[in-house]
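Q: pasting the sequence and the predicted coordinates here, then a few questions.
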Amino acid sequence: MAGLSLKNVTKRYGMLEVIHGANLEIADGEFVVFVGPSGCGKSTLLRMIAGLEDIVEGEIRIGGKVVNDAEPSDRGIAMVFQSYALYPHMTVGENLSFGLRMNGNPRVDTERRVRRAAEILQINELMQRRPKQLSGGQRQRVAIGRAIVREPQVFLFDEPLSNLDAELRVQMRVEISRLHKQLGTTMVYVTHDQTEAMTLADKIVVLRAGKIEQVGAPLDLYDDPANRFVAGFVGSPKMNFLETKVTSSDATGVSVSLDCEPAVRLSLPVKTPIAEGTAVTLGVRPEHFLTAGSGDADLTVHVDVAEHLGNTSYVHASTAGGEQLIIERPESRTVANRDQLTVALSARRTFLFDSQGNRLR
Amino acid sequence: MPSRNRVAYAFLAPYLLIFATFWVWPIISSFLLSFQNTRVNPWRFQPSLNWGRLVADPAFYNALYNTLIILVIQVPVMIALATVMAVLLNSPLLKARPLYRFAFFAPVVVGEVAYAAVFRLMFSADFGIINKLITSIGFAPVSWFDNATAAMILIIIAVTWRWAGYNAIIILAGLQSIPGDVYEAATLDRVSKRQQFLHITLPLLKPIILFCAVLSVIGTMQLFTEPFLITNRGGPGGGTETLGLLLYRQGFTSLNFGYASAIAYTIAALAIAISLLNLWVAREPK
Amino acid sequence: MRSKSKTLLWQKITLHAVLTPLAIIWLFPLWVMFVFSTMPDYGIFSPDIVLIPSTNFIENFKNLQADTDFLRAMFISIAVAVIYTILSVFLTSMAGWALARYRFAGKPFVIAIILGTITLPFAVVVIPQFIMVAREFKLANTWIALIVPPLFNSLGVLFMRQSFSMMPGELFDAARVEGVKEWQIFLRVALPLARPTMAALAIILFLASWNNYLWPLLINSRPGMMTAPVALGTLIGLTKVSWGGIMAGAVLLTAPILVIFVLLQRHFIAGITAGAVK
């Protein structure tokens, strides 16, 4: 069992820098999820931890030891790949034991480890099959089993659920969570799916363009995003952004008026002083719109499309200024296309960002 | 992909050693040889000797002429024939497809010597089955080996028989890689089968047909076994002597390695030049 | 307007009317080879057109064996083709693996040299190869001379490289994370997965070696060290020689490879088309 520490870790391909000095501490036993849009460098960072990519600058420690120049197999890690990477020409049993056999691990011990992994994942019946004869979920299990067999100090997962269908993904997500509780081993998990990140992680690391944007517990990221990017990335459907101008600012807060409807004004408890007339962005989560009259300001929008899911409805609407919004309305099956809809904004549940996307608090 | 020089070269070394010794070095060495007088001992650097002889050698022009004639007639005929074979073999209406495939593809695996022997026997002027067939329908027998034109035709027939199926295999694979829905869409647009062939199949096949043409040019430029064995070392009287045969004669009968190397480089240069010309003529309009 | 099925019928008839004569012409030389290999020489020289096989094959073969030691030549051809194929597949697989799966200093240079020279005709190297092998190494009329120089063929390198690069890289990363050595990854993971490609390559190489004529003709011309095509080639053009015997030899050269072709047609075609269709 071991923690993990990244100090100023940098990756360059020639002139192109793809990871810009990442710093991160991962405690022993923690479940950490790297999340971000594709191309943000999250998989590269994971592969650097695994030793599958060189580290140009900086330092990676696993269990206190610097592993920069260690072979992947000497780092005490095991990895589960996006494509599962099962050896197609070997049975499940051979897949599980291959690494140990190639390294001359004693047979008795290999068999014990394989049996244990098979029991944990309930794949005993599949041992004689080949990967081709398995379903997606079963392949996923075998891939995880192959990692368990190594009895690693750190598990690395590279988008392990992205090849599964929606239903199976939920099921495997729960199973990975259960596995983490059962084994208690440090896990680093890469995904582009913020739902997976929110549900699995003790700690989420949000990456964008090779930079760590924010690190924190899932709900901290949801409640208190550090910037507009994290605010937009965490939460589903995405946060809405409305352009506003500052009308006044003092020690108690900032007042803004919406560009689309200047009559709509809102006072937020933002302590940073901002010059009057500054353009700032107001962020509102779809689920944080209130019924008209029950908030701090009312906003009337034009309904483009209403999607009724049963328990809730997503209203795709546009403001008078043409800005697109998504509004979540529980139990509001009566909203129809082309209707006008009035909702309320709550100052407590909105965020303010400057033109660089930084959060104003 | 981490950088792994030592591992990579460990895997490469055995092959690279042979590749360098028996391919890269000979390519360079052949070039150097072409500037040497190899008929004195020791060999002497004499840059204009072989190349000077080449541009003035009637035997070279004869071989060049023969090779180009074969190239100009045989390659287009064969490629056209191969395209027809491939298109017809690809027809869903065809019955007994394996039989037809066997007929056209079998020559591809027949060795040069075996087929040279058969063609020599079939076209024998006195007792060859071809002349028996020709006389049986009332024509005069052809002296395939004594008449230069007939001998050239014989070479062209033989090479076409041997290689048409090879090209048909490649073109057929190209045909099968064209997605079927393209034709379905065209059919819905009321495009006739003939128009589909002209405006969909042929343009999509162009790169592959070109590939075949380039391969055939390279093959024809060094044509050796057929004139060596079928028409008896380029007979009659050099009437079917190709560049490949001239190279053999100079290199391994006269043991004039320098001059043979100059011929070898001429063959390579012509093969490359004609291939490039081919690609240039067929380039996509900008 | 004709009915659709009638049009189809006409198309079908036309198709077969064009293709059948063409197929017969194409099969004709092979049939002649077979028929004449079974016919005594006086049958070959008779003025009649005979296209029915006879029963004289063994007799013809004995004549052939009297003209040249064809059995010995067949043995050499088979052994050379088998050894050459195994060696070449293995060497080019290793090289293809390195070029597909590692980054290393000089890689673009190696690839450029291979790609840049692959279309050069063999004619360019035949003279220096001959001088080197026959005069400098003094290896004329040896097994090595038949087997080793042709191993330069880089087709297999490109072929195997293509195959290895198309495999998912995560497979090899998974093995690496498990501490499997690079040569074990190559032998135990990559090669088993490349089996179909290796089969196609092996067939093409075997065929090339089996039918190779010019190089064996130059380097191993001593009786007793000739390959079968070279041995047969020495008889073509001689006057006092049994044509039935030559045809028997041609059949022996052709029949085994035709059988392989029929049985493994898929691999054959995969090998031939590998370079053309991407």
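A: Looks like it came in fine.
Q: elements contacting the top helix by length along chain B?
A: When secondary structure is assigned using DSSP state H, the longest helix within chain B turns out to be helix B:58-89. Using 3 or more C-beta pairs under 8 Å, 6 or more residues apart in numbering or on different chains; DSSP states H and E as the contact criterion, the secondary-structure elements in contact with helix B:58-89 are helix B:97-105, helix B:148-176, helix B:202-221, helix B:243-248, helix B:257-281, helix C:4-37. Yep, even glycine has a C-beta here, placed from its N, CA and C like the rest.
Q: which one of the ones you listed lies nearest to chain A?
A: Across the helices and strands packed on helix B:58-89, the minimum distance to chain A, taken as C-beta to the nearest C-beta, is reached by helix B:148-176, at 24.8 Å.
Q: touching, residue A:171 and residue A:135? I think so.
A: No. In this structure, residue A:171 is not within contact of residue A:135 by C-beta atoms under 8 Å, at 11.6 Å.
Q: buried set for the strand or helix carrying residue A:247?
A: Taking DSSP states H and E as the definition, residue A:247 sits inside strand A:240-250. Along strand A:240-250, these residues count as buried under the neighbour rule (16 or more other C-beta atoms under 10 Å in any protein chain shown): A:240, A:241, A:242, A:243, A:244, A:246, A:249.
Q: quickly list what the second one is bridged to.
A: The partner list for residue A:241 in beta bridges (DSSP bridges) reads residue A:283.
Q: what's around residue A:315, how many residues?
A: 25 (other C-beta atoms under 10 Å in any protein chain shown).
Q: secondary structure class for it?
A: For residue A:315, the reduced secondary structure class is strand; criterion used: DSSP: H, G, I helix; E, B strand; the rest coil.
Q: contact partners for it?
A: By C-beta atoms under 8 Å, 6 or more residues apart in numbering or on different chains, the contact set of residue A:315 is A:303, A:305, A:306, A:307, A:326, A:327, A:328, A:329, A:332, A:335, A:341.
Q: which residues touch the closest residue in space to the second one that isn't next to it in sequence?
A: Read it as residue A:305. Closest residue to residue A:305 in three dimensions, ignoring its sequence neighbours and counting by C-beta to C-beta, 6 or more residues apart in numbering or on different chains: residue A:316, at 4.5 Å. In this structure, residue A:316 makes contact with A:303, A:304, A:305, A:306, A:307, A:324, A:325, A:326, judged by C-beta under 8 Å, 6+ apart.
Q: same thing but at 10 Å, please
A: Counting by C-beta atoms under 10 Å, 6 or more residues apart in numbering or on different chains, residue A:316 makes contact with A:237, A:286, A:301, A:303-307, A:324-327, A:337.
Q: and those, which are buried?
A: The buried subset of these (16+ other C-beta under 10 Å) comprises A:286, A:301, A:303, A:306, A:325, A:326, A:327.
Q: from chain B, how far out is residue A:323?
A: When C-beta to the nearest C-beta, to the nearest Å is the yardstick, residue A:323 and chain B sit 41 Å from each other.
Q: can you count the residues close to that residue?
A: Applying other C-beta under 10 Å, we find 16 other residues in the vicinity of residue A:323.
Q: tell me the contacts of it?
A: Remark: with contacts taken as C-beta under 10 Å, 6+ apart, residue A:323 is in contact with A:240, A:241, A:242, A:243, A:258, A:259, A:260, A:301, A:317.
Q: please redo it, this time with the cut-off set to 6 Å
A: Contact partners of residue A:323, counting by C-beta atoms under 6 Å, 6 or more residues apart in numbering or on different chains, are A:242, A:260.
Q: what backbone torsions are found at residue C:267?
A: Here is the backbone geometry of residue C:267 (degrees, to the nearest 10): phi -70, psi -40.
Q: quick check: pLDDT value at it.
A: Among the per-residue scores, residue C:267 shows a pLDDT of 86.
Q: quick revisit: now, which of the contacts of residue A:316 lie within helices?
A: Among the contacts of residue A:316, no member falls in helices (DSSP H).
Q: any chance of the residues you listed in JSON lines with pLDDT as columns?
A: As requested, the contacts of residue A:316 are exported to JSON lines (pLDDT from 0 to 100):
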{"residue": "A:237", "pLDDT": "90"}
{"residue": "A:286", "pLDDT": "94"}
{"residue": "A:301", "pLDDT": "92"}
{"residue": "A:303", "pLDDT": "91"}
{"residue": "A:304", "pLDDT": "90"}
{"residue": "A:305", "pLDDT": "90"}
{"residue": "A:306", "pLDDT": "88"}
{"residue": "A:307", "pLDDT": "88"}
{"residue": "A:324", "pLDDT": "92"}
{"residue": "A:325", "pLDDT": "93"}
{"residue": "A:326", "pLDDT": "94"}
{"residue": "A:327", "pLDDT": "93"}
{"residue": "A:337", "pLDDT": "71"}
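Q: out of those, list just those in strands.
A: Residues of those located in strands (DSSP state E): A:301, A:303, A:304, A:305, A:306, A:307, A:324, A:325, A:326, A:327.
Q: nearest spatial neighbour of the last one, skipping sequence neighbours?
A: Spelled out, that is residue A:327. Closest residue to residue A:327 in three dimensions, ignoring its sequence neighbours and counting by C-beta to C-beta, 6+ apart: residue A:315, at 4.4 Å.
Q: show me where the stretch 151-278 of chain C has its strands.
A: Under the criterion DSSP state E, counting those that start in this stretch, the stretch 151-278 of chain C carries no strands.
Q: output the below-cut-off pLDDT ranges for it.
A: Within the stretch 151-278 of chain C, the segments meeting pLDDT under 70 span C:275-278.
Q: now do the helices in it.
A: Using DSSP state H, counting those that start in this stretch, the helices of the stretch 151-278 of chain C run over residues C:155-166, C:169-177, C:182-184, C:191-193, C:195-211, C:214-219, C:228-235, C:243-263, C:265-273.
Q: over to chain A?
A: According to DSSP H, the helices that chain A contains are A:42-50, A:92-102, A:107-121, A:136-149, A:166-183, A:194-200, A:218-223, A:228-233.
Q: can I get those helices in TSV with mean neighbour count?
A: Output for the helices of chain A, formatted as TSV (neighbours: other C-beta atoms under 10 Å in any protein chain shown):
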stretch	mean neighbour count
helix A:42-50	23
helix A:92-102	22
helix A:107-121	16
helix A:136-149	23
helix A:166-183	15
helix A:194-200	20
helix A:218-223	17
helix A:228-233	22
